[in-house]
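Peer 1: would you be able to build a 3D model of this:
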Amino acid sequence: MTRHPHSNPISRRRAFSLIELLVVVAIIALILGIAIPTLSFARAKAASTACGAKLYGIGQAFAIHNDNNSGKYPEARYMPDPWLTSDERPPINQALKDYIEPYSTAWVCPSDRVVHTQTYEEDGVEKTCGVSYTYVAVLSARSYEETFFARFLRFSPSDTPVMHDFDGGTFERQDGQTVRVDFFHPRRNILFVDGHVGPLDASNTQTD
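Peer 2: Presented below is the predicted three-dimensional model:
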């Protein structure tokens, strides 16, 4: 028996029309347009959270140091070399070397692509900054109660900053070069005297 050419039980596949293809492409583009910003936000949030965790860990080192030194903060300048400063005090990562290894990644914010990677030469040896955060050097070699934050501004420990992201401006190196540093996060991470990490809330910086 002769089989009719159209009686094949396996139906032929129908090709996409141009309109159908364009609809599929448009749907994919719409999905990507929604997903990519969401993923970018999630990555930024994760980096900010990791940064905050590192600052919290540094805060624990400060607490141990202070307990061992009559409540006084480390004697240190605001940032290591090669950032411009006339301050002869050691950088904070060296001042806390007995509590955190000076070039540990604990000092590096995940969103910092510029600050900690700055290199310089000292005695013929190339070195790296290694730190993403700025130390509030007015605390240097003082207890919180001795600072102008407590004595004159009447800040509480939960409002007094100890370290924060080194970002949001153009900064000068000791060799005269200027370096543009973007914000690490949409909201700056700050380590406070009481040990918590968060943004500065200007509405709560004065006590009654």
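
Peer 1: with adjacent residues omitted, what lies nearest to the residue nearest the centre of the chain?
Peer 2: Nearest residue to the geometric centre of the chain (C-alpha atoms, centre = their mean): residue 109, 3.8 Å. Nearest non-adjacent residue to residue 109, counting by C-beta to C-beta, 6 or more residues apart in numbering: residue 132, 3.9 Å away. Every C-beta, even on glycine, is put in place using the N, C-alpha and C of the backbone.

Peer 1: tell me where this structure has strands.
Peer 2: Secondary structure of the chain by DSSP state E: the strands cover 119-122, 125-128, 133-135, 161-165, 169-172, 178-181, 190-192, 197-198.

Peer 1: could you check how far the shortest one is from the centre of its chain?
Peer 2: It refers to strand 197-198. 12 Å (C-alpha atoms, centre = their mean, to the nearest Å).

Peer 1: same question, the third one
Peer 2: From the chain centre to the centre of strand 133-135 is a distance of 11 Å (C-alpha atoms, centre = their mean).

Peer 1: cool, the fourth one as well?
Peer 2: For strand 161-165, the distance between its averaged C-alpha position and the chain's averaged C-alpha position is 11 Å (C-alpha atoms, centre = their mean).

Peer 1: pull up the pairing partners for that strand, direction included.
Peer 2: Note on strand 161-165: by DSSP bridges, its sheet partners are strand 133-135 (antiparallel), strand 190-192 (antiparallel).

Peer 1: circling back: just checking, the residue nearest to the centre of the chain touches residue 52?
Peer 2: No - the criterion here is C-beta atoms under 8 Å, and residue 109 misses it with residue 52 at 9.4 Å.

Peer 1: where do the contact lists of those two overlap?
Peer 2: Shared contacts of residue 109 and residue 52 (C-beta atoms under 8 Å, 6 or more residues apart in numbering): residue 189.

Peer 1: low-confidence bits of this protein, can you list those?
Peer 2: Scanning the chain for pLDDT under 70 picks out 1-16, 20, 29-41, 201-208.

Peer 1: roughly how far does the residue nearest to residue 52 when sequence neighbours are not counted sit from residue 78?
Peer 2: In space, and not counting its chain neighbours, residue 52 is closest to residue 197: 4.5 Å by C-beta to C-beta, 6+ apart. According to C-beta to C-beta, to the nearest Å, residue 197 stands 18 Å off from residue 78.

Peer 1: likewise for residue 85?
Peer 2: 7 Å.

Peer 1: try residue 52
Peer 2: 20 Å.

Peer 1: gap between residue 94 and residue 70?
Peer 2: Separation of residue 94 from residue 70 (C-beta to C-beta): 21 Å.

Peer 1: more neighbours, the two?
Peer 2: Using other C-beta atoms under 10 Å, the more surrounded residue of residue 94 and residue 70 is residue 94, with 16 against 7.

Peer 1: what's near enough to touch that one?
Peer 2: Counting by C-beta under 8 Å, 6+ apart, residue 94 has contacts 76, 80, 102.
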